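[1] The sequence and its predicted three-dimensional model are supplied below.
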Amino acid sequence: MSTIEFNQLLTSNSKFLKGFAYNFTRNTDDANDLLQDTMLKALRYKDHFQDGTNFKGWLFTIMRNIFINDFKRKKLRKTMTDSTDDQYYLNYGRVSDDSVNKSINVKDIHKSIDQLSYEYKTPFQMFLDGYHYDEIADSMAIPMGTVKSRIFHARKKLMTDLADFHS
């Protein structure tokens, strides 16, 4: 399938996708964001689409996976968007009025990350910055499995170094 055909097929399915996005999110703005993320991911991975397969099903699977991953990510962070006009982020974690200790904790966390060796620090920092595994692998010219392994080991080391912060 040519790029033009793929793009036309993708845009012709945008109304279909928008309806599914709204069913997932129940919010117009979030649905538009999910639709945009889905279209971008579809364009990014168009080489993975196989002719003769269900294009709508492929797009729906991409959208569902993005929604599930975002939901899990938000649940892990335990944050939600406040519905106020200012759009503050609220944290459900323990509330502490000790801002001095909070700033020290953040400094300690950044210090621990900085102490990681280059081979672990670079992929971990790129991952925190929002890069995908394959982008990190391409940037560092290493296999994706190595990237995943290094990020896993960086997390493990940080959890050990920052054990005092676990409760």
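    On my side now, so go ahead. Numbering: from 1, shown residues only.
[2] Okay, now the unreliable bits of this protein?
    For the chain, the stretches flagged by pLDDT under 70 are 75-105, 165-167.
[3] domain assignment for it?
    For the chain, automatic domain parsing gives the domain ranges 3-90, 97-165.
[4] how far out from the middle of the chain is the lengthiest helix in the chain?
    Scanning the chain for the longest helix, with DSSP state H as the assignment, gives helix 55-77. Distance of helix 55-77 from the chain centroid (Cα atoms, centre = their mean, to the nearest Å) equals 10 Å.
[5] ok, now stretch 141-159?
    16 Å.
[6] List the buried residues for stretch 36-50?
    Asp37, Thr38, Met39, Lys41, Ala42, Phe49 (16 or more other Cβ atoms under 10 Å). Just so you know, the C-beta spots here come from the backbone N, C-alpha and C atoms, and that holds for glycine as well.
[7] okay, how far is it across stretch 119-137, tip to tip?
    12 Å (Cα to Cα, to the nearest Å).
[8] Tell me which stretches of this structure form helices.
    Going by DSSP H, the chain shows helices at 3-12, 14-25, 28-44, 55-77, 99-114, 118-128, 133-140, 144-161.
[9] what's the first one packed up against?
    Using 3 or more Cβ pairs under 8 Å, 6 or more residues apart in numbering; DSSP states H and E as the contact definition, the elements that helix 3-12 packs against are helix 28-44.
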